[in-house]
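*Asks:* sequence and predicted structure below; questions after.
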Amino acid sequence: MEQKEDKLKEVISHAKEYGFVFPSSEIYDGLAATYDYGQLGSELKNNLKTYWWKSMTQMHENIVGIDAAIFMHPSTWKASGHVDAFNDPLIDNKDSKKRYRADVLIEEHIEKIRQKINKEVEKASKKFGDSFDETQFLATNPNVLRNSQKISEIEEKMRITLENNDLEGVRQLIIDLEIVCPISGSKNWTEVRQFNLMFSTELGSVAGDASTIYLRPETAQGIFVNFLNVQKSGRMKIPFGIAQIGKAFRNEIVARQFIFRMREFEQMEMQFFVRPGEEMKWYEYWKETRVKWHKALGLGDNAYRLHDHIKLAHYANAACDIEFDFPMGFKELEGIHSRTDFDLKQHENHSGKKMQYFDPELNESYVPYVVETSVGLDRMFLAVLSNSLKNETLNDGSERVILSLPYALAPYKVAVLPLTKKDDLPEKAKEIINNLKFDFQCQYDEKDSIGKRYRRQDAIGTPFCITVDHETLENNSVTLRDRDSMEQIRISIDELQFYIDKKVNMKYLLKK
Ligand code: ATP
């Protein structure tokens with residue numbers, strides 16, 4: 001645990017030192033749970049957006065993208081259920097005065113029990129070696145069975161209390177489980193209260209209920225209200241999808257984990273409209289497709305875990321999370337939800353406008369069902385950044401900090417480095433950049449020794465360094481150094497574009 005916390009601190013400080021992420025308005029000591037992306041962070045973020053956007057729209061002929069406004073008619077949020085039900089149960093510890101999400105406290109307790117099971121498995125696997133049968137062990141070991149039983153019971157109690165909005169029951173569960181405040185260590189808890197997560201403001205200069213508008217807490221509703229506009233103008237046939245990337249705002253109670261949980265963040269959401277009755281087939285399809293998209297990045301298949309929801313949101317008939325092994329442990333990265341026809345029906349009821357599709361094959365009209373994929377862009381950023389940041393000991397015993405980002409996502413693809421500042425080497429280096437810059441984001445660096453410059457590029461994840469030396473002037477060749485293997489090859493300047501493109505072009509990631 002200690003180590004994991006250190007890892008998050010390391011990621012935060014690296015992100016700041018190299019221009020990936022800064023605390024917002026830092027000169028005024030920052031604003032809680034709000035961050036700014038710096039010069040390298042914006043590049044990485046844009047690359048993540050491109051990877052998602054292209055995989056959705058360019059790779060699927062039946063998915064199109066939109067960009068809806070952040071402000072929406074207030075009735076939208078009444079219809080979607082957010083005004084009445086977008087709440088988190090909060091609880092305060094009276095001694096530390098810290099505020100927690102009651103459901104998160106219980107989930108963390110469950111996670112601790114799960115860790116105990118994992119430890120048993122690890123121990124047994126060491127003891128029995130090759131002959132170890134994990135499935136059999138999980139099904140028969142008494143300690144594991146007892147703990148699994150405990151988890152099921154807690155999950156069931158939590159589901160029932162939350163679904164019934166039984167806040168006293170939630171509190172009682174926290175007390176029964178003897179959950180203590182991580183700060184004060186005490187069990188001195190307040191009541192559990194519901195807290196609405198939407199930010200509101202006033203439209204124009206008139207105050208009052210009629211003019212209250214909200215900053216959208218999710219991008220999905222911008223898609224639902226445009227369902228017919230897009231379907232008609234794009235002549236879309238079911239099944240089809242609408243994708244969107246954009247800001248969302250939530251007044252989060254607990255916002256202490258860097259860009260994992262922010263009050264202003266970005267979502268990449270896609271709503272897939274299907275025939276009623278076919279939603280489970282598409283739910284499975286999108287689960288599989290999205291896991292594949294994540295794994296193609298090469299961060300390690302073990303870094304992902306699927307988690308089915310115990311408590312379904314008011315709009316869903318099936319839901320799961322793709323969790324990622326963040327420095328704080330496994331946490332939600334993406335949600336996949338079968339939202340039924342809830343949203344479109346609600347908008348029909350509240351707006352009085354039909355939200356139906358005429359299916360020419362069935363010769364009938366219906367309100368489509370929806371399967372949603374929703375991933376946090378900032379959480380993707382944290383997943384990639386934290387997984388890629390490593391300290392490596394090299395063969396000669398020296399150390400290097402390397403950000404082993406997937407090549408296609410790296411902020412700079414190439415750094416061009418003249419060996420010295422003299423003898424026309426800088427001019428030659430700039431000439432190379434002027435040719436390559438149409439294809440790749442390039443950086444020029446002439447300061448310090450070449451070794452130090454390589455290290456700087458390793459630390460920001462640049463896949464290739466091109467070194468221009470005196471031989472370059474004689475035979476038009478340069479040294480090309482690969483970030484991960486640190487191998488250097490001699491290559492003609494004319495071949496650079498082709499060689500680098502093969503390694504960094506996003507199309508190879510999309511083809512996986
Ligand atoms: P959590 O349980 O962590 O609060 P959620 O289940 O409320 O998340 P969704 O409403 O399903 O999240 O939102 C979809 C995605 O948006 C999440 O998987 C996550 O990646 C991202 N997201 C949600 N809230 C935040 C936030 N406060 N900061 C950053 N990303 C967020």
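*Replies:* Ah, there it is. Nothing here was measured: the structure is a model prediction, and the numbers come from that model. Numbering: from 1, shown residues only.

*Asks:* so what's Ile460 up against?
*Replies:* 18, 40, 403, 410-412 (Cβ atoms under 8 Å, 6 or more residues apart in numbering). C-beta here means a position set from N, CA and C on the backbone, and glycine is covered the same way.

*Asks:* do Glu178 as well
*Replies:* Lys187.

*Asks:* check it and give its pLDDT.
*Replies:* If you check Glu178, the pLDDT there is 95.

*Asks:* state the distance from it to Val371.
*Replies:* 40 Å (Cβ to Cβ, to the nearest Å).

*Asks:* which pair of the contacts of Ile460 spans the longest distance?
*Replies:* Tyr18 and Ala410 (12.4 Å; Cβ to Cβ).

*Asks:* and the closest residue in space to Ile259 that isn't next to it in sequence, how many neighbours does it have?
*Replies:* In space, Ile259 comes closest to Asp378 once its chain neighbours are excluded; the distance is 4.4 Å by Cβ to Cβ, 6 or more residues apart in numbering. As a burial measure, Asp378 scores 21 neighbours (other Cβ atoms under 10 Å).

*Asks:* just list the residues touching Asp378, thanks.
*Replies:* 35, 259-260, 262, 265-266.

*Asks:* now, which of those residues sits nearest Phe464?
*Replies:* Among the contacts of Asp378, and counting by Cβ to Cβ, the member closest to Phe464 is Ile259, at 27.7 Å.

*Asks:* quick check, that closest one in a strand?
*Replies:* No. Counting by DSSP: H, G, I helix; E, B strand; the rest coil, one finds Ile259 to be helix, located in no strand.

*Asks:* that one and Leu480, how far apart?
*Replies:* According to Cβ to Cβ, Ile259 stands 34 Å off from Leu480.

*Asks:* which one of those two has more residues nearby?
*Replies:* Legend: neighbour count by other Cβ under 10 Å for Ile259 and Leu480, higher for Ile259 (24 against 19).

*Asks:* contact partners for that one?
*Replies:* 21, 35, 265, 378-379, 381-382.

*Asks:* up against the ligand, what does the stretch 401-512 of the chain have?
*Replies:* Within the stretch 401-512 of the chain, no position is near the ligand by Cβ under 6 Å from any ligand atom.

*Asks:* nearest to the ligand: which residue in the stretch 401-512 of the chain?
*Replies:* Closest residue of the stretch 401-512 of the chain to the ligand, Cβ to the nearest ligand atom: Leu409 (17.3 Å).

*Asks:* now do the SS call for the residue nearest to that residue when sequence neighbours are not counted.
*Replies:* Of all residues not flanking Leu409 in the chain, Asn47 sits nearest, at 4.5 Å (Cβ to Cβ, 6+ apart). With three-state DSSP as the basis, Asn47 sits in helix.

*Asks:* distance of Asn47 from the ligand?
*Replies:* Note on Asn47: its distance to the ligand, by Cβ to the nearest ligand atom, to the nearest Å, is 18 Å.

*Asks:* if I look at that residue, what pLDDT would I see?
*Replies:* If you check Asn47, the pLDDT there is 98.

*Asks:* ditto for Gly204
*Replies:* We have a pLDDT of 76 for Gly204.

*Asks:* contacts only, for Pro23.
*Replies:* Counting by Cβ under 8 Å, 6+ apart, Pro23 touches 16, 30-31, 34-36.

*Asks:* burial measure for whichever residue of the chain sits closest to the ligand, as a count.
*Replies:* Proximity to the ligand, evaluated over the chain using Cβ to the nearest ligand atom, is greatest for Gly376 at 2.4 Å. Neighbour count for Gly376, taken as other Cβ under 10 Å: 23.

*Asks:* cool, and Phe358?
*Replies:* With other Cβ under 10 Å as criterion, Phe358 counts 11.

*Asks:* now the one 4 residues further on
*Replies:* Around Leu362 there are 10 other residues, counting by other Cβ under 10 Å.

*Asks:* which residues sit in contact with it?
*Replies:* Contacts of Leu362 by Cβ under 8 Å, 6+ apart are Arg275.

*Asks:* tell me the pLDDT at it?
*Replies:* Taking Leu362 on its own, its pLDDT is 95.

*Asks:* now it: phi and psi?
*Replies:* phi -90, psi -10 (degrees, to the nearest 10).

*Asks:* distance check, it against Ile238.
*Replies:* Separation of Leu362 from Ile238 (Cβ to Cβ) stands at 10 Å.

*Asks:* where does Tyr100 fall, helix, sheet strand or coil?
*Replies:* Following three-state DSSP, we place Tyr100 in the strand state.

*Asks:* which residues does the nearest residue to it once chain neighbours are set aside bridge with?
*Replies:* With Cβ to Cβ, 6+ apart as the criterion, Tyr100 has its nearest non-adjacent residue at 5.5 Å, and that residue is Ile91. As for beta bridges, Ile91 partners with Tyr100, Val192 under DSSP bridges.

*Asks:* so Asn434 is in which element?
*Replies:* helix 425-436 (DSSP states H and E).

*Asks:* please apply the same query to Cys320.
*Replies:* strand 318-326.

*Asks:* same deal with Ile175?
*Replies:* Assigned by DSSP H and E, Ile175 belongs to helix 167-176.

*Asks:* who does that helix touch, helix- and strand-wise?
*Replies:* With contacts taken as 3 or more Cβ pairs under 8 Å, 6 or more residues apart in numbering; DSSP states H and E, helix 167-176 sits against strand 87-93, helix 102-128, helix 142-163, strand 189-196.

*Asks:* switch the contacts of Ile259 over to JSON lines; also include pLDDT, secondary structure and distance to the ligand.
*Replies:* Formatted as JSON lines, the contacts of Ile259 follow (pLDDT from 0 to 100; DSSP: H, G, I helix; E, B strand; the rest coil; distance: Cβ to the nearest ligand atom, whole Å):
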{"residue": "Val21", "pLDDT": "98", "secondary structure": "strand", "distance to the ligand": "13"}
{"residue": "Tyr35", "pLDDT": "97", "secondary structure": "strand", "distance to the ligand": "10"}
{"residue": "Phe265", "pLDDT": "97", "secondary structure": "strand", "distance to the ligand": "4"}
{"residue": "Asp378", "pLDDT": "98", "secondary structure": "helix", "distance to the ligand": "5"}
{"residue": "Arg379", "pLDDT": "98", "secondary structure": "helix", "distance to the ligand": "4"}
{"residue": "Phe381", "pLDDT": "98", "secondary structure": "helix", "distance to the ligand": "10"}
{"residue": "Leu382", "pLDDT": "98", "secondary structure": "helix", "distance to the ligand": "9"}
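
*Asks:* run a quick neighbour tally on the closest residue to Pro463 other than its chain neighbours.
*Replies:* Closest residue in space to Pro463, ignoring its immediate chain neighbours: Tyr407 at 4.4 Å, by Cβ to Cβ, 6+ apart. Tyr407 sits with 22 neighbouring residues when counted by other Cβ under 10 Å.

*Asks:* pLDDT at Tyr407, what is it?
*Replies:* 98.

*Asks:* contact residues of the stretch 151-300 of the chain facing the ligand?
*Replies:* Proximity of the stretch 151-300 of the chain to the ligand (Cβ under 6 Å from any ligand atom) is limited to residues 218, 250, 252, 261-262, 265, 267.

*Asks:* least confident pick among the residues you listed?
*Replies:* Lowest pLDDT among these: Glu252, with 90.

*Asks:* which residues are contacting the helix or strand of the chain with the lowest mean pLDDT?
*Replies:* Ranked by mean pLDDT, DSSP states H and E, the weakest helix or strand in the chain is helix 2-17, scoring a mean of 87. The set of residues external to helix 2-17 that reach it, using Cβ under 8 Å, 6+ apart, is 20-23, 41, 257-258, 327-329, 382, 385-386, 389, 401, 403, 459.

*Asks:* cheers, nothing more for now.
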